[in-house]
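Visitor: 3D, please:
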Amino acid sequence: MQRDNGIPRAYPRHNLPRGFGPRTPAALVAALVFVTLTISLVLVVASLPWWDLHYGSPWNETQRYYLGGMCVEGSCQDYYTDSIRHYTYFPQTYGLVLTALALSVFELAFLILAIFERKFAVGILVTGLLGSITLMVAPIYFYFALPVGLSSDGAFFTNFFGSYTERGMTYTWGGGPGWFMAPFVVIVFLAATVVAFFAASDSAGETRRSRPFRPLAAVSRSPRD
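Guide: The predicted structure is shown next:
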């Protein structure tokens, strides 16, 4: 029997839960950091351009197509104006990314709740998987929908990536930073979900509850021994 300030303890200090296991402080802190990082990365993906169109000489300028609007030389406008015809697939892709963002926020909320009550851990798994799938669908949908929409308008963009020369001017287009970054954020999203669910899972609690309990009153020795 070991003592702290004369008070006996049922278990030695080195047997207390520690390390990186379910319900341990290290695992919970890592999960909070990981899920918060995921939210930040999804925000970055939503704010970056998803498609670029470059006009060669003599213009030498690039139109950057964000999910919320198009910008060129510092001037931006949304996709609901009459001068922009690409208003169908950008908002839909934006909706998918914002849905993934909302699910990542819900995942963080479930993680915080699971710290105090283990039954909320399943919410981490559900929101994390749904958010990862939604974010994965966004660049796939955008890749196939964009050329179809543009070509139906009579434009020469028949592929997601490509180039075209007309009257001495070369047009080059392709995916933007947001589109390239999205699949990597999906991986981070899935990894954060696994870490968070592991940290908030009930396995360690079940193991501790299965151990026989030794009440201090059953100890035959007096504190002075």
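Visitor: just list the residues touching Phe106, thanks.
Guide: Listed by C-beta atoms under 8 Å, 6 or more residues apart in numbering, the contact partners of Phe106 are Gly123, Thr127. Every C-beta, even on glycine, is put in place using the N, C-alpha and C of the backbone.
Visitor: what about it, distance to Leu129?
Guide: Distance, Phe106 to Leu129, by C-beta to C-beta, to the nearest Å: 12 Å.
Visitor: also Ala109?
Guide: Relative to Leu129, and taking C-beta to C-beta, Ala109 is found at 16 Å.
Visitor: name the element Cys71 belongs to?
Guide: Secondary structure assignment for Cys71, by DSSP states H and E: strand 70-72.
Visitor: sheet partners, orientation included, of the helix or strand following that strand?
Guide: Taking DSSP H and E as the definition, the helix or strand that follows strand 70-72 towards the C-terminus is strand 75-77. Strands that pair with strand 75-77, judged by DSSP bridges, come out as strand 70-72 (antiparallel).
Visitor: how about the partner strand: buried residues?
Guide: Judged by neighbour count using 16 or more other C-beta atoms under 10 Å, the buried positions of strand 70-72 are Met70.
Visitor: for it, the distance to its chain's centre please.
Guide: 26 Å (C-alpha atoms, centre = their mean, to the nearest Å).
Visitor: again with stretch 64-79
Guide: Computed by C-alpha atoms, centre = their mean, the chain-centroid distance of stretch 64-79 equals 25 Å.
Visitor: now it - C-alpha only, PDB.
Guide: Taking Å, rounded to 0.1, in the frame of the first residue of the first chain, the C-alpha atoms of stretch 64-79 are listed here in PDB:
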ATOM      1  CA  ARG A  64      -9.500  33.000 -61.100                       C
ATOM      2  CA  TYR A  65     -12.800  31.200 -60.400                       C
ATOM      3  CA  TYR A  66     -13.600  30.900 -56.700                       C
ATOM      4  CA  LEU A  67     -16.600  28.900 -55.500                       C
ATOM      5  CA  GLY A  68     -18.300  32.200 -54.600                       C
ATOM      6  CA  GLY A  69     -17.300  34.300 -57.600                       C
ATOM      7  CA  MET A  70     -14.900  35.100 -60.300                       C
ATOM      8  CA  CYS A  71     -11.900  37.600 -60.000                       C
ATOM      9  CA  VAL A  72      -9.600  39.100 -62.600                       C
ATOM     10  CA  GLU A  73      -7.100  41.800 -61.900                       C
ATOM     11  CA  GLY A  74      -8.500  42.500 -58.500                       C
ATOM     12  CA  SER A  75     -12.100  43.000 -59.700                       C
ATOM     13  CA  CYS A  76     -14.600  40.300 -58.600                       C
ATOM     14  CA  GLN A  77     -18.200  39.500 -59.200                       C
ATOM     15  CA  ASP A  78     -20.500  36.600 -58.200                       C
ATOM     16  CA  TYR A  79     -22.000  34.000 -60.400                       C
END
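Visitor: quick check: mean pLDDT of it?
Guide: Across stretch 64-79, the average pLDDT comes to 82.
Visitor: what residues does that stretch touch?
Guide: By C-beta under 8 Å, 6+ apart, stretch 64-79 touches 46-53, 61-63, 83-84, 86-87, 90-91, 93-94, 97, 176, 178.
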